[in-house]
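Enquirer: Predicted structure and sequence below. I'll ask about it afterward.
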Amino acid sequence: MNREELEHILREWEENKHLLLSSVFTSSPTTPAIRRAMEKVPRNLFVPSPYAFIDRAIPIESGQTTSQPGVIARMLYLLEIEPHHRVLEVGTGSGYQTALLCELAREVYSIDIHENLVREAARRLRILGYDNCHLKVGNGCYGWEEYAPYDRIIVSARAEEVPPALLEQLADGGIMVIPLGGPELQFLTKIRKVGNEIEKEVDIPVLFVPLIC
């Protein structure tokens, strides 16, 4: 992508982002940091216009989807990310959520089983100049043990149970947000690890693609 193409994308974002963000900020709980991140990151770099300005999930390659921005905002809100945190993202997808995490956290480690998605997400993140993210092709059910533990873990695919490896890689006092349930319906679930205890808080119903293990 050349400079002129990038400038066009950024200009289009500034002119039209209110169409998306007015809906997201009305329907989803946020924080000032989340709102700043969502205002800054140009979603139209990650999904085609005009779909980038609609609060809905968008199909991407390999039979996957990039999540609805309103749901992403809610997941980020549940995560309670602080600027010093190290975050593991399971499901890189288009890289849009990864970019938001880069704005919110100190370091982001993102893993996806689809090589083409990781490659394209890495390209987009480089274009925007993020140097605090690390991407890997791999099975997200096993996390990324090399850099564990993580203060926060966000899982962008559904599972019936929390993968044990992800619980092991979550730091004491850490929070994980994951959609749990069967194929027809899942619920965003906030998990807090306190010593040997796991506290669960069930949030809104959602529909996600399956976590491939």
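Expert: Perfect, I can see it now.
Enquirer: any idea how far Lys17 is from Pro69?
Expert: Distance of Lys17 to Pro69, given as Cβ to Cβ, to the nearest Å: 11 Å. All C-beta spots, glycine's among them, are computed from the backbone N, C-alpha and C.
Enquirer: which residues are in contact with both of these two?
Expert: The contact sets of Lys17 and Pro69 overlap at Arg43 (Cβ atoms under 8 Å, 6 or more residues apart in numbering).
Enquirer: Which of these two has more residues huddled nearby?
Expert: Pro69 (27 against 20; other Cβ atoms under 10 Å).
Enquirer: Could I get the buried residue list for the top strand by length along the chain?
Expert: Longest strand in the chain, counting residues (DSSP state E): strand 170-181. Neighbour counts over strand 170-181 (16 or more other Cβ atoms under 10 Å) mark Leu170, Gly174, Ile175, Met176, Val177, Ile178, Pro179, Leu180, Gly181 as buried.
Enquirer: Can you name the element that comes right after that strand?
Expert: strand 186-194 (DSSP states H and E).
Enquirer: and the angle from that next one to strand 170-181?
Expert: 160 degrees (axes from the mean of the first three to the mean of the last three Cα atoms, to 10 degrees).
Enquirer: ok, strand 186-194: who's next to it in the sheet?
Expert: Applying DSSP bridges to the sheet, strand 186-194 is found paired with strand 170-181 (antiparallel), strand 197-206 (antiparallel).
Enquirer: Please list the outside residues in contact with the longest helix seen in the chain.
Expert: In the chain, assigned by DSSP state H, the helix with the most residues is helix 3-27. Helix 3-27 is touched from outside by 30, 35, 38-39, 42-45, 49-50, 52-55, 69-70, 73, 127, with contacts defined as Cβ under 8 Å, 6+ apart.
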